[in-house]
Structure formats: C-alpha cells, structure tokens
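**Q** Starting from these lines, generate the structure:
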Amino acid sequence: MTYTDITLHIEAIIVLSIISVTSIKFKFVDKSGIISSLLVGYPIYVFGGREYFILLLTFFFISAIMTKIRMRKVKYVYNKEDGVRSWRNVVANGLVVTVTAIGAGLSNNGRTFFTAYLGALSTAFADTLGTEVGLLYKGKPRLIINMKKVNPGTPGAVTLLGYLGGVIGLTILTLLVTLTCNKIRFHAASLIIYCSGLVGMTIDSFLGALVQAKYRCGVCGKITESSFHCESKAEQIQGLKYINTHTVNLIATIIGGIIAVVLTDLFNLLE
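**A** Model prediction:
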C-alpha cells in the first residue's frame, strides 16, 4: 500500500486511537502529548508505512514503561514534566523522524530518508533509555566534559549504566529492524543503528553539559535542567536560556540522522 490508499489512512486512525486511549489510561503522555503524538504518528504511519511505525511505537512504549519503572525506584523529582511526556518531548524526539518518513513516502528513492529515519530514531531511543536507566545508578554520575562527579539529573551527566541502557535500546531496535524490514540486512542495520545512536546520545550529553541552560533550585539546592523545581522557580546559573533539554534532543536527532546517511553512503550499506 502507499500513502494514497484510503485503507491505510483508516487503519492509521484506528491504530492511533487505540494507542491514545492506552497512553491516557497509563499516563504515558499528557493531553498536549496526545495531540502531538497523533500529529507525529499519523504521517509516519501513512507515508512511512507499518514498518516505520512499528519502530516508532516500540521506542514510545519501551521508553514510557522504563520511565514508570525508574520513577518507582528513584524518589526525587527529575524535572517538572517527569513521568508524563508533553508535546515538547514528543516534538523533540519525533520531529526529525516524522520529516524523514514523509520524505520517504514522497520520494521515488526513499533510501536516504530511510537511513536518516533510523539514525534519528536510534539517537532518540539510546538517549531516552540511557537517561532512564542511568538514573537508576545509586552513585553519582560524572559530567561528560571533565568526568567530575555531579548530582543525578545534572545536564551532561553520564554513567556506564546509562550507556548500557542505550545499548539495550539499540539492540532491540536492530533486531526489530532486521525482522520487520526487508530493505536492510543485519550487519548494515547494526552499523547504522549502533553508530548513529551511540554518537548521537554522546553529542546530546556534550550539548547538555556545554550549552544547555542549567538552574539551581532555591529549595533543595540541586542543579537541574528545569527552570521549575520543588514547586518553585529555579535560578539560571549556566548555559543559554533558550537551549533546554528538548532543544538538545532535537539537535542530537538531526545529527544522528546525518551520521546514518553518511555511513550508508560511505560503506554502501543499502542495496
């Protein structure tokens, strides 16, 4: 089927409706997140097809479930939106994959758009699972630019456990791509997904440490990425005011997509 088939549009509406109801029931996203998820999911389903959408859906549910698990284990508040994704989270992680899926549907040769889709999604998956799993670490993480110990939740903080979480996400994605997509082989999928995902999540951490706005909570004294903490406004102490975690995520997914395209062309990974 192609994006012009009316049955595909009907199928997309039914599937997305079921997912929306499930997401509301389990509080995976808020109302703004539901609307933006529909705006992201619908064109991916219609233009990219089922194989594109299955990859996105896997990322969404595994990330949401991991967030719920982490919240039960970690007692402090990570940021104002913690636990329930808003439209900002959806757009930051979903804008690039949506654009590339539309490009794949409209292009006569979707090869470049497909690899860019994989690269962007790999970055989002690795970074999200890296963050959630990393926050389960009982010790203090280290700031990626100087390896000094910092408090959990500090932008740019990393742990080996977090990278393990990222690798787990990328492994799931690699296996799923190999099983559901006949346009790419396992070795090619592995190289594209692991390289773009790991480099993308690392760049995300560097951007978080170097340019993302950081705030100090006036109540608990913690350095956080949120301008609102402990039910009060926090003071900005570092970084650029308009560069927040969502901006960093968006930039990282763009870079992840570019890395995937370069690797594919360089090593001729797609037949």
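**Q** Please make it C-alpha for all contacts and neighbour counts, starting now.
**A** OK.
**Q** so residue 28 touches residue 87, yeah?
**A** No - with contact defined as Cα atoms under 8 Å, residue 28 does not count as touching residue 87 (11.8 Å).
**Q** Could you pull up the contacting residues of the nearest residue to residue 30 once chain neighbours are set aside?
**A** Once flanking residues are discounted, residue 30 sits nearest to residue 86: 5.6 Å by Cα to Cα, 6 or more residues apart in numbering. With contact taken as Cα atoms under 8 Å, 6 or more residues apart in numbering, residue 86 is in contact with 29, 30, 31, 32, 33, 34.
**Q** Assess the claim that the fourth one and residue 87 are in contact.
**A** Yes - contact between residue 32 and residue 87 holds when scored by Cα under 8 Å: they sit 5.1 Å apart.
**Q** Looking at the two, which is more packed in?
**A** Per other Cα atoms under 10 Å, whichever of residue 32 and residue 87 has more neighbours is residue 87, with 17 against 13.
**Q** nearest spatial neighbour of the more buried one, skipping sequence neighbours?
**A** Spatial nearest neighbour of residue 87, chain neighbours left out: residue 33 (4.2 Å); criterion: Cα to Cα, 6+ apart.
**Q** didn't that neighbour look like it was pressed against residue 90?
**A** Yes - between residue 33 and residue 90 there is a contact at 6.4 Å, judged by Cα under 8 Å.
**Q** helix/strand/coil for residue 215?
**A** Assigned with DSSP: H, G, I helix; E, B strand; the rest coil, residue 215 falls in the strand class.
**Q** Would you mind measuring from it to residue 247?
**A** Applying Cα to Cα, to the nearest Å, the value for residue 215 to residue 247 is 16 Å.
**Q** When those two are compared, which one has more neighbours?
**A** In this view residue 215 and residue 247 are compared by other Cα under 10 Å, and residue 215 has more residues nearby, 25 against 19.
**Q** which residue packs closest to the more buried one, ignoring adjacent ones?
**A** Nearest non-adjacent residue to residue 215 (Cα to Cα, 6+ apart): residue 236, at 4.1 Å.
**Q** quick one: that neighbour from residue 247, how far?
**A** Taken as Cα to Cα, the span from residue 236 to residue 247 is 17 Å.
**Q** Repeat that for residue 59.
**A** Using Cα to Cα, which is the criterion applied here, residue 59 is 19 Å from residue 247.
**Q** And the contacts of stretch 98-114?
**A** Residues outside stretch 98-114 that contact it (Cα under 8 Å, 6+ apart) are 2-3, 40-41, 43-44, 47-48, 52, 116-117, 261, 270.
**Q** Confirm that residue 95 sits in a helix.
**A** Yes - Residue 95 sits within a helix when classified using three-state DSSP.
**Q** what's residue 157 sitting at in phi/psi?
**A** phi -80, psi 140 (degrees, to the nearest 10).
**Q** Flag the shaky bits of the chain, pLDDT-wise.
**A** 1-4, 75-83, 271 (pLDDT under 70).
**Q** which one is the residue nearest in space to the middle of it nearest to, not counting chain neighbours?
**A** Nearest residue to the geometric centre of the chain (Cα atoms, centre = their mean): residue 124, 2.4 Å. The shortest distance from residue 124 to any non-neighbouring residue, by Cα to Cα, 6+ apart, is to residue 93 (5.7 Å).
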